[in-house]
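Visitor: Sequence first, predicted model second:
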Amino acid sequence: MTLKNKLDTSDEVELAHEEERISKLAVLALYRDGTLDTLVPGTFSSLKSIHVAFW
């Protein structure tokens, strides 16, 4: 059973694949626009910035 999600799927495998695909596209975008170069690894503020950019 999967929780209600933005992708509106109840299939756990499909959800995992879509989340992975979306995450990789988001990281690629952050890499290409230089955002990753400005973040300090391992800090809450960096994780927050990535999360906000992603969703």
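Guide: Looks like it arrived, so ask away.

Visitor: Packing partners of the lengthiest helix in the chain?
Guide: Assignment by DSSP state H gives helix 12-32 as the longest helix of the chain. Counting contacts by 3 or more C-beta pairs under 8 Å, 6 or more residues apart in numbering; DSSP states H and E, helix 12-32 packs against helix 44-54. Yep, even glycine has a C-beta here, placed from its N, CA and C like the rest.

Visitor: So for the helix it packs on, what gets flagged as buried?
Guide: Buried residues in helix 44-54, defined by neighbour count with 16 or more other C-beta atoms under 10 Å: 49, 50.

Visitor: what's the angle between that helix and helix 12-32?
Guide: Angle, helix 44-54 to helix 12-32, by axes from the mean of the first three to the mean of the last three C-alpha atoms, to 10 degrees: 110 degrees.

Visitor: Show me what helix 44-54 is packed up against.
Guide: The contact analysis (3+ C-beta pairs under 8 Å, 6+ apart) places helix 44-54 against helix 12-32.

Visitor: Can you give the contact residues for stretch 45-55?
Guide: Contacts with stretch 45-55, where a contact means C-beta atoms under 8 Å, 6 or more residues apart in numbering, come from 22, 23, 26, 27, 29, 30, 35, 39, 40.

Visitor: Next, format these as CSV and append pLDDT, distance to residue 52 and neighbour count.
Guide: Converted to CSV, the contacts of stretch 45-55 look like this (pLDDT from 0 to 100; distance: C-beta to C-beta, whole Å; neighbours: other C-beta atoms under 10 Å):
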residue, pLDDT, distance to residue 52, neighbour count
22, 87, 15, 14
23, 83, 14, 12
26, 84, 11, 15
27, 83, 14, 15
29, 90, 13, 13
30, 87, 11, 18
35, 89, 11, 15
39, 91, 12, 15
40, 93, 16, 9
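
Visitor: Now flag whichever of these is closest to residue 15.
Guide: Nearest to residue 15 among the contacts of stretch 45-55: residue 22, at 10.6 Å, using C-beta to C-beta.

Visitor: Relative to residue 11, how far out is that closest one?
Guide: Between residue 22 and residue 11 the computed distance is 16 Å (C-beta to C-beta, to the nearest Å).

Visitor: which sections of the protein are below the confidence cut-off?
Guide: 53-55 (pLDDT under 70).
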